[in-house]
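> let me see the structure of the following:
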Amino acid sequence: MSQKFNVTGMSCGHCVSTVQNAVQAVDPEAQVTVDLQTGHVDVLSLQPRQDIVAAIENAGYRVQ
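Below is the predicted model of the structure:
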């Protein structure tokens, strides 16, 4: 299932990696695409949305 998130607080490549790793800690098979300029994060995963949001927020970013 494809899920879209608006994430604030990302400013560099390290931030992109951190978000990708956070999501993949919840679902190692997840496909994560991050657009740093727009703050859009697309996730292809069967995990519940709230689990992905929690992982991103626990990594230090805000999901709107």
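> OK, contacts around T8?
Taking C-beta atoms under 8 Å, 6 or more residues apart in numbering, we find T8 in contact with 39, 61-62, 64. C-beta here means a position set from N, CA and C on the backbone, and glycine is covered the same way.
> please read the previous query as pertaining to C12.
L36.
> just read off the phi/psi values of it.
phi -160, psi 180 (degrees, to the nearest 10).
> and it, how close does it get to I52?
Separation of C12 from I52 (C-beta to C-beta, to the nearest Å) stands at 21 Å.
> how far off centre is stretch 12-29?
In terms of C-alpha atoms, centre = their mean, to the nearest Å, the centre of stretch 12-29 is found 6 Å from the chain centre.
> pull out the buried positions in it.
15-16, 18-20, 22-24, 26-27 (16 or more other C-beta atoms under 10 Å).
> inside helices: which ones of these?
When the buried residues of stretch 12-29 are checked against helices (DSSP state H), the matches are 15-16, 18-20, 22-24, 26.
> what's the farthest-apart pair in those residues?
C15 and V26 (17.6 Å; C-beta to C-beta).
> would you map the helices across the chain?
Going by DSSP H, the chain shows helices at 13-26, 49-58.
> I am finished for the moment; much appreciated.
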